[in-house]
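In: Return atomic coordinates for the entry below.
(chains A, B, C and D)
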Number of protein chains: 2
Amino acid sequence: MSKSSVSKLVPKVPSVPGASRRAAYSASTKRALIDVAEQLFTDHGYAAASLDQIVAGAQVTKGALYHHFSGKQALFEAVFERVESDASKAVKKALKGHRADPWEKALAGLRAFLEVVQEPRYRRIVIQEGPAVLGYERYREQEERSTFANVLEIVKSVLTAGDWELDEEMQQTFARIFFGAMSSAGEAVSSADDPIAAAVRVETAIGFILSGFQVLVENDVTLPNAFTEGDAATS
Amino acid sequence: MSKSSVSKLVPKVPSVPGASRRAAYSASTKRALIDVAEQLFTDHGYAAASLDQIVAGAQVTKGALYHHFSGKQALFEAVFERVESDASKAVKKALKGHRADPWEKALAGLRAFLEVVQEPRYRRIVIQEGPAVLGYERYREQEERSTFANVLEIVKSVLTAGDWELDEEMQQTFARIFFGAMSSAGEAVSSADDPIAAAVRVETAIGFILSGFQVLVENDVTLPNAFTEGDAATS
DNA sequence: GGCACTCACATACTGCGAGTACGTACCCAG
DNA sequence: CTGGGTACGTACTCGCAGTATGTGAGTGCC
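Out: Residues are numbered from 1 along each chain as shown, chains lettered A, B, ... in the order given. Next up is the predicted model:
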């Protein structure tokens, strides 16, 4: 629909090298399906968005849909991946230019994430419906290589700021905690009466927590008992 | 099924005052429905658990189900409420006897929650499917008066430990953050290869964060810029 | 530049599952 | 013992995910 009846009637590739005209059209309908699905999933949720509505919106039929995707869940996953990818890129972009101070970097990442999490599509598709539709395992696999990867990177740079030696698993744990904190806070922010004020509160709170963190790290305080001793208090 | 053919052929109430025999039977089938639904929702998820399976398991028909519940979602909500209620009680119980030190209280609550979150029914019904099935608004209403209430209480006692003056909304924000952190961490714990070791790591990490918190509070460090000044740094 | 081939769809159908309309037996009040 | 209402059971409808199969338009090949 974008470039039909091209000027020179190109014999082969319209734009992408190695792709024929058929492939280009095919990719176009696939994109259309994902676009419409993203919209309907965001507006009505996974269960309430019917495939009939989706194919009608994309102006194709179910045959096309089942040609490109193995089923409704696969379509959702394609949407999920794109939303996650976009979010990850946005956060990554905000991280550029903060190579110096890891604490500043962390705050910049937090701000970027608080922006992203206010997009309805991210809230609904990634945070709300994602775990239920994909199952936690697949959900985690996806997050692992996108938004969570960003958080992990930031956490690592913060943790190593004070010459800290932590093994991979402990770093992952810290990242999980911060990631969960930010997701939940983000949800609260975007459903608040005044999202901007709520975002400021969240930033303040996490900033405060980071401050405490910073103090401990800079004073060379080690991890309290449990981890290094291999067991927690049982009281 | 528990007390049919009673000894003296009681004319009215079998056990509960104000309840007739019919009411008792009615309550029994309702419980049976919730029991079976809880099991099937936990094992297969909300979408994959069919009402036919549920009524078959409870040895009734759909007529009975729709007499007690307005629909599938209402049934889920009943299950959700019970699971949440049980979880909240477990945490509350663990909180008893920690009136003295709020920091100890916080750690005790954390341990209890890490226990609860490993129950499959809590993970699946409350954390994974809850937000998607109920929608975030209703989900939040439910949490507000159960598990989240516990977290809020703990957070408040910790925050006021150092003569801190924070308004309600800021306390809610801190509670949201910790609640999200614990939920996410709990998920990671229960899906880890070694849940016990993972739980220890989480406890260590959050304990460490709390330590930093404690240091700041005890040194009368106020909130960094943003909140009290009413605006965040824009860099 | 014709021709078979296959890719990218469209059409028509099936089965399952949530929800509904209505019938009925049993309990309790009077 | 009798009317009424409650607590179900039965039989259906409708919508939706998934499938089986047809078809026409590019595309490689000679």
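
In: And the closest residue to DNA strand C within chain A, how close does it get to residue A:27?
Out: In chain A, the residue that lies nearest DNA strand C is residue A:63 (1.9 Å; Cβ to the nearest atom of the strand). Placement of C-beta: from N, CA and C, glycine included. Distance of residue A:63 to residue A:27, given as Cβ to Cβ, to the nearest Å: 17 Å.

In: what about these two, which has more around it?
Out: Counted by other Cβ atoms under 10 Å in any protein chain shown, residue A:63 and residue A:27 do not tie: residue A:27 has more neighbours, with 13 against 8.

In: Find the helix or strand that that one is a member of.
Out: Element membership of residue A:27, judged by DSSP states H and E, is helix A:21-44.

In: who does the helix or strand that comes right after that helix touch, helix- and strand-wise?
Out: Note on helix A:21-44: by DSSP H and E, the next helix or strand toward the C-terminus is helix A:51-57. Counting contacts by 3 or more Cβ pairs under 8 Å, 6 or more residues apart in numbering or on different chains; DSSP states H and E, helix A:51-57 is packed against helix A:21-44, helix A:62-68.

In: Low-confidence bits of chain A, can you list those?
Out: For chain A, the stretches flagged by pLDDT under 70 are A:1-19, A:162, A:222-235.

In: distance of the residue nearest in space to the middle of it from DNA strand D?
Out: What sits nearest the mean C-alpha location of chain A, by Cα atoms, centre = their mean, is residue A:84, with 3.6 Å. Distance, residue A:84 to DNA strand D, using Cβ to the nearest atom of the strand, to the nearest Å: 21 Å.

In: What of residue A:198?
Out: Distance from residue A:198 to DNA strand D, by Cβ to the nearest atom of the strand: 34 Å.

In: Which positions within the helix or strand that residue falls within qualify as buried?
Out: According to DSSP H and E, residue A:198 maps onto helix A:195-218. By neighbour count on 16 or more other Cβ atoms under 10 Å in any protein chain shown, the buried set for helix A:195-218 is A:198-217.

In: does any part of that helix sit near chain B?
Out: Yes: Helix A:195-218 lies within reach of chain B by Cβ under 8 Å from any Cβ of the partner chain, at A:198, A:200-209, A:211-216.

In: Let me see the contact set for the closest residue in space to residue A:69 that isn't next to it in sequence.
Out: Distances taken as Cβ to Cβ, 6 or more residues apart in numbering or on different chains put residue A:75 closest to residue A:69, at 4.5 Å, once the chain neighbours are dropped. Contact analysis of residue A:75 by Cβ atoms under 8 Å, 6 or more residues apart in numbering or on different chains lists A:33, A:34, A:37, A:54, A:65, A:69.

In: list the buried ones in the host helix or strand of residue A:75?
Out: Using DSSP H and E, residue A:75 sits within helix A:72-95. Buried residues in helix A:72-95, counted by 16+ other Cβ under 10 Å: A:72, A:75-80, A:82-84, A:87-88, A:90-92, A:94-95.
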